[in-house]
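Novice: Just a sequence and a predicted model for now, questions to come.
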Amino acid sequence: MMDHNATQYNVQLYIYDLSRGMARSLSPIMLGKQLDGIWHTAIVAYGDEFFFGGEGISSCPPGGTMLGPPDTVVELGETEVSEEIFMDYLSALGESTYRGDKYRLFEHNCNTFTNEVAQFMTGSSIPSYITDLPSEVLSTPFGQILRPILDSIHIAPPGGNVINGGRTQ
């Protein structure tokens, strides 16, 4: 049974288009299909923004990376997970599945992270148009050609503080 006295914390998804609108105009020419953006996402809760990139799990004030304010904000819902439990959870993720060296642009990226965290905190997933993006790109001939290049890219927006250790040697 739910404890109705438990404190509720708001959880948001910040969505950024890394292409700054370029994907929308160039994708039909380059990929032969329309992509609305190249999405980077972050979880915003307890007054901070949390994201995963090539440096590991990082945090910053909301909208505090070099990307500036988000293009879209999605309300994911409320959570009863306290900030202390959340930080312990992030530490555990940062030492295992979300170490910086585990980052993969297509299979294990910022959106994999926000989707997992969103489900842990609110029971809901992030929008499918974001999680479907890699397969949308890879299903095109050009995406297959670009894959080796794209696989080597690590996206870590400057401006965040790595939560623990980051990339391990």
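Specialist: That came through fine. Numbers count the residues shown, from 1 in each chain.

Novice: Point me to the residue sitting closest to the centre of this protein.
Specialist: The centre of the chain sits closest to C110, judged by CA atoms, centre = their mean, with a distance of 3.0 Å.

Novice: for the protein, what are the low-confidence residue spans?
Specialist: For the chain, the stretches with pLDDT under 70 are 1-5, 153-156, 164-169.

Novice: let's see it at 90
Specialist: 1-6, 18-38, 54, 66, 104-107, 133-169 (pLDDT under 90).

Novice: how about the helices in it?
Specialist: Secondary structure of the chain (DSSP state H): helices at 22-30, 83-95, 110-122, 128-131, 133-138, 141-151.

Novice: so the first one versus helix 141-151, what angle?
Specialist: Inter-element angle recorded for helix 22-30 and helix 141-151: 130 degrees (by axes from the mean of the first three to the mean of the last three CA atoms, to 10 degrees).

Novice: Helix 22-30: which residues count as buried?
Specialist: 23, 27 (16 or more other CB atoms under 10 Å). No exception for glycine: its C-beta is placed from N, CA and C like everyone else's.

Novice: other SSEs contacting it?
Specialist: Here helix 22-30 is seen to pack against no other helix or strand when contacts are counted using 3 or more CB pairs under 8 Å, 6 or more residues apart in numbering; DSSP states H and E.
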